[in-house]
Structure formats: structure tokens, C-alpha cells
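S.K.: prediction below, plus the sequence it came from.
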Amino acid sequence: MGFLSRLRQLFRPAPPPVGLGIALGSGGAKGMAHLGALKAFEEAGITFSFVAGTSIGAVVGALLAKGYSAEDMRRIVEAVNRREFSRNLRPFADLTFAEQFLENYLEGDFTTLSLPFAACATDGKDNRLVVLRKGKLARAVTASSAIPPLFKGVQVDGRELYDGAFTNAIPTDVCRALGAEFVIGIDLAAFARPEEEKGRFSRLLGSALTHIQPVRYTEDQRTRGYKSADYMLRPPLGAFRSTDISEEAMEEMYTLGYEEAKRCMEEIREAISAFSKEKNGKRPFAGRGARRS
């Protein structure tokens, strides 16, 4: 390489930053793995400009978009009264208690957020995906987490909304619609046992209640997340259930999320770098599938 070529490389403008987005999937208590993964991203210096979440992923995503760190979120989890939470685990429970708790940390509406954020819910009337981007934050993430028949639907703008996992469990496409160029998804159910995938609450409550559920799982509620992901993290949480809220289980799920993100970090960096080099309007997204760890 000649001197002039080396000189041009030295003074070549740095490529524009890639708009990174993160899509946080549903999974109940398994959401502790989200916090572990976010901690690993923080340590690696990787920050996100766009956030989308479903169910527990919506709760974590809203906190992230509000400016909370992974360590902040751990302290919030520690503030949860697990005994009171367990007492509310009954058919058709009202989620007011959860919304009131979340308002301590997610006060205000979407305009108070530092990052673009969307929460996914399911319309109880027509079983369609509802993407929430305005209104009260605590109400939006509560609606995104209202899994029937355990909880009642949550009223938002005249609609009765339920858990977004029924229609979009890992909202990578929603994150991309916010403006993200490169989207990392986190799938909390990648290694779930078949009986867990059927729904723990359905098994516990029996067909007498589950047959009157106002919403149903759509065929692509989970696969659509892979179609729109540039990289999918899959923490090995197969030994856990979405209702495992013991201190020991939650700590272990946090660690598994952290370790999986650390294990994949170099590959994620390489994928982001390759995307950045190809950027310049030459790379149509349709030409790539989701990377999987």
C-alpha cells in the first residue's frame, strides 16, 4: 500500500454510528436474564438507541428507556414484596397493585423517556397486536403484562388489552419500526420445556377457565421475532419457569443472562461492525436472517 493510500485511510471519516435497538422478550420471572444481559452490554460499552418490549420485557424496556441501569433495576426487583405478589396470583386478579408499584419508577408518560420505546399488548376484542407508544408508562407496561386468565385486561384508550406475548413475544420488528438499524433480540423461552410452552397458568387453572380466555396465541407470535432480528440472544433458561420468583432462582437467571451475553459479545461486536461497513445504503435487510447464538 502506497503512502497516499495509507494517508487517505488515516483521515477517512469515521463511519456513522449504527442505530442499535434491543427487543426484550416475554417470560415472566425469567426477565431477570434481561437484567443480566443488559449488565453485560453496559460493561462492553454497547448502548441502545431504540427499545421495544413485551410483557416483562416491556417493564424492563421502559426502565431502560427511562434511564435506569441494570443495577438500578436489580434494586427495584429487590423492593418487590414477593409475598404480596404471590397473594395476587389468582384467576382474573386486578393488576392495579402492579401498576401502582411501577408508578414509583415509571411516573409520567412516554414523553418523559430518554429513548424511543414501544410496549406490545394484545387487543381482547380482535386478538390483534397493539403497539403502545403514548399515554401513561405504568399503565402501558401493565397492559403488556396482563396474562389471562390469571389477570384481568387493562383498559387503555377504551380498549381492553392483554399480554403482548400472544401476538408478538419478541418485538424485533416493532423495534425496527422505531428506527433501529441493527436489532438484538432476547428470547427467554428458547430452551423452555414443551409443557412450559403450553402455559403454566393453563395447566394450573384447567380448561374450565382457559376456554374463556379473551385472547389466543397467534401462529407467528414467537417466530416473527427471529425474522426481524440481526442477532438473537438465547439464555439457557430451560430449567426455570416464568413463575419462579424465589431469590435463588432469580439470581441464577440473572447470572445466566449475563454469562450468555458475555459469551456472545465478540460475535455481536463483529456483526455490528460488519453491518456498519455494509451500511451506505447497499444492504437491504431482507437479505439477512437472524443470527443465533
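M.R.: Sure thing, it's come through. Numbering: from 1, shown residues only.
S.K.: the strands in this protein, which residues?
M.R.: For the chain, applying DSSP state E gives strands covering 20-24, 50-54, 117-123, 129-132, 154-156, 159-163, 182-186, 231-233, 291-292.
S.K.: which secondary structure elements does the fourth one contact?
M.R.: Under the contact criterion of 3 or more CB pairs under 8 Å, 6 or more residues apart in numbering; DSSP states H and E, the helices and strands touching strand 129-132 comprise strand 117-123, helix 137-144, strand 159-163. For the C-beta atoms, the positions are set from N, CA and C on the backbone; glycine is no exception.
S.K.: do you know which of those lies nearest E219?
M.R.: Minimum separation from E219 across the helices and strands packed on strand 129-132 (CB to CB) falls at strand 117-123, 13.9 Å.
S.K.: quick one: closest of the helices and strands packed on strand 129-132 to G31.
M.R.: The nearest among the helices and strands packed on strand 129-132, by CB to CB, is helix 137-144 at 11.4 Å.
S.K.: quick one: the closest one to strand 159-163, angle?
M.R.: Taking axes from the mean of the first three to the mean of the last three CA atoms, to 10 degrees, one finds that helix 137-144 is oriented at 70 degrees with respect to strand 159-163.
S.K.: circling back: so of the strands of the chain, which one's packed in deepest?
M.R.: Among the strands of the chain, ranked by average contacts under mean count of other CB atoms under 10 Å, first place goes to strand 50-54 (a mean of 32).
S.K.: what's it in contact with?
M.R.: 19-26, 59-62, 64-65, 115-120, 141, 144, 163-165, 168-172, 174-175, 178-180, 183 (CB atoms under 8 Å, 6 or more residues apart in numbering).
S.K.: could you redo the last one with a cut-off of 7 Å?
M.R.: Strand 50-54 has contacts (CB atoms under 7 Å, 6 or more residues apart in numbering) with 19, 21-26, 60-61, 64-65, 115-120, 144, 164-165, 168-171, 174-175, 178-180.
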